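**Q** Need a 3D model of the following:
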Amino acid sequence: MIRLRRLLRLGAWALFALAAFGPLSPRAARAATPLIGYLEAGPELVGQEWFASLAPGLSYESEIVSLHLEAPLRLRMNPRLAAERGALRTADFDELSDAGRVLRKLDLTLAERRVVIHLGELAHESLGHGTILSGYANSLDPARLPVGALARVVAGAMALDLICSDLLAPGLLGGSLTLEPLSLGKELNDRLHLASTALFDRGAPASPASAPVLVYGVGMDVAAYRSQMLTVAPYLDANGRGNGFGLHAGLLADLRLGPVELSAKGEWRRSKTPYQPEYFDVGYLYERFDAERFLDADGASVPVPKADQAFPTANGWRGELRARASAMSAAVSASTRGRGLYHLSAMVDADFGHFDLAMSAAVRGLEDGRAEKVFVAAEARTRVGGYFYVWAHGGQLYTVAAAAAGAIAEPITQLGLGLGAALSP
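**A** Residues are numbered from 1 along each chain as shown. All right, here's what the predicted structure looks like:
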């Protein structure tokens, strides 16, 4: 078991890393008109190579439609490498899962927000109480940016949420159906929720003997106490995968203190493999191929995909804290996995008028003080004139690469700094 002092020190390090790295914030500068055209340029480090980044884009905003298109290009700055590999970094557009580099966002809001559809990048997505899907993102691999999809349809006392990680390639697919039974046949009453969730990864690597990556469950929560300042709701989820199961019992608390909103979650769980709590979470994009390693007869490191990862039947816990104030939000979480594994994550997203900042960090697989994977990323941009702004981003991430034993997650550094110009008709 990891020592508490060491765990807290690693957690503090992860939060400190937020000051330097995190996920993408909106690219286009704000304007009073709905249509914006922009151009961004600057040097960028991807892995071990420097590129000249050039990104023209178009953004349109209305009450019904929000559209963001971009045509990013990376030109090699090293003449020798440009002669050997070509001036343009073709890896950015060599597969269907790169389509999200062009379609950054398409949002549709219909029927007075009873129907909401999102196409593009997915980040920090969760369903229900977050016991199956929590903090999921499809865009953490710098080599790929797929077009994901979210949809929410509300009809009276029922709400249907759907998610697809990649519309053009095999990936995560599923959704959740939520019912407010106290609202049936009368005025709306959201004190009690019943939900069912099913998520399937049709492209997850697994051995023929492993259970399919179909994770499902049912759950409920009830607002046991509700006032203008505080809401407390216990919940219970029963989930499964193959012959494994997960039982989650927790408490949700929402506190409103003027402009500040605080949300806390505490959860106890018991799980049996091949089910794992928060199966689709912030690290799934990598763990789908490379969840852990073992040494074969030749001493080579062989990756084990998450579908084949095994844990003993054990109890565990999870804690989350979220805060929102005006245009700033932050969240931290910690959870146990079994075999003494701890996971930590944190994120911040802030809008200070002419300055935008987005940051995230996660530490995966803390065991005996050792972190299997650490990834952090951040982006900031600030206006420096009527039409100009400066942007910067950086991150320690991973990219999925082919290997003799299958796909593995290799660390990659990404840094960029540049100038942008935005114009409106």
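
**Q** Please identify the pairing partners of the longest strand along the chain and their relative orientation?
**A** Among the segments of the chain that qualify as a strand by DSSP state E, the longest is strand 406-423. Within its sheet, and counting by DSSP bridges, strand 406-423 is paired with strand 35-46 (antiparallel), strand 388-403 (antiparallel).

**Q** Can you point out the buried residues in the last one?
**A** Looking back up the chat, that one is strand 388-403. Using 16 or more other Cβ atoms under 10 Å as the test for burial, strand 388-403 gives 389-391, 393-400, 403. Using the backbone N, CA and C atoms, a C-beta is placed for each residue, glycine as well.

**Q** all strands for the stretch 51-200 of the chain, in order.
**A** In order along the chain, the stretch 51-200 of the chain carries the following strands (DSSP state E, counting those that start in this stretch): 65-70, 73-76, 103-110, 115-120, 148-155, 158-164, 172-179, 192-201.

**Q** residue boundaries of the helices in this protein?
**A** Along the chain, the segments classed as helices by DSSP state H run 4-17, 79-85, 284-287.

**Q** just to revisit the earlier point, can you redo the strands paired with strand 406-423 as a markdown table with distance to R80 and mean pLDDT?
**A** Below are those laid out as a markdown table (distance: least, Cβ to Cβ, whole Å; pLDDT from 0 to 100):
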| stretch | distance to R80 | mean pLDDT |
| --- | --- | --- |
| strand 35-46 | 17 | 95 |
| strand 388-403 | 23 | 91 |
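
**Q** now these as a markdown table including distance to H248?
**A** Formatted as a markdown table, the entries for the strands paired with strand 406-423 read as follows, by distance: least, Cβ to Cβ, whole Å:
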| stretch | distance to H248 |
| --- | --- |
| strand 35-46 | 39 |
| strand 388-403 | 28 |
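
**Q** S66 is nearest to which of those?
**A** Of all these, strand 35-46 sits nearest to S66, with 11.6 Å by Cβ to Cβ.

**Q** buried set for that closest one?
**A** By 16+ other Cβ under 10 Å, the buried positions in strand 35-46 come out as 36-38, 40-42, 44-46.

**Q** and if you look at stretch 49-62?
**A** For stretch 49-62, the neighbour count (16+ other Cβ under 10 Å) marks 50-51, 53-55, 57, 59-61 as buried.

**Q** Sketch out the low-pLDDT regions of this protein for me.
**A** Within the chain, the set of residues satisfying pLDDT under 70 comprises 1-33, 295, 297, 299, 368-370, 404-405.

**Q** Tell me which residue is most central in it.
**A** The structure's the chain has its C-alpha centroid closest to A137; by Cα atoms, centre = their mean the separation is 2.6 Å.

**Q** Give me the number of neighbouring residues for the residue nearest to that one when sequence neighbours are not counted.
**A** The spatial neighbour of A137 that comes closest, neighbours along the chain excluded (Cβ to Cβ, 6 or more residues apart in numbering), is A123 at 4.7 Å. A123 has 19 neighbours, counted by other Cβ atoms under 10 Å.

**Q** Look up how far L262 lies from P411.
**A** In this structure, P411 and L262 are separated by 35 Å, where distance is defined by Cβ to Cβ, to the nearest Å.

**Q** who has more neighbours, these two?
**A** Using other Cβ under 10 Å as the criterion, P411 and L262 rank with L262 on top: 15 against 12.

**Q** got a list of what that one touches?
**A** 254-256, 321-323 (Cβ atoms under 8 Å, 6 or more residues apart in numbering).

**Q** Please repeat the previous calculation with a cut-off of 6 Å.
**A** Taking Cβ atoms under 6 Å, 6 or more residues apart in numbering as the criterion, L262 is in contact with 255, 323.

**Q** what's the answer for Q414, then?
**A** For Q414, counting by Cβ under 6 Å, 6+ apart, the contacting residues are 46, 142, 395.

**Q** Then Y387?
**A** Y387 sits next to A421 when contact means Cβ under 6 Å, 6+ apart.

**Q** Dihedrals phi and psi, it?
**A** Comment: the main-chain dihedrals of Y387 come out as phi -120, psi -10, following degrees, to the nearest 10.

**Q** Distance check, it against S53.
**A** From Y387 over to S53 the distance is 19 Å, taken as Cβ to Cβ.

**Q** Next, count neighbours for the closest residue to L179 other than its chain neighbours.
**A** Sequence neighbours aside, L194 is the residue nearest to L179 in space, at 4.8 Å (criterion: Cβ to Cβ, 6+ apart). L194 sits with 14 neighbouring residues when counted by other Cβ under 10 Å.
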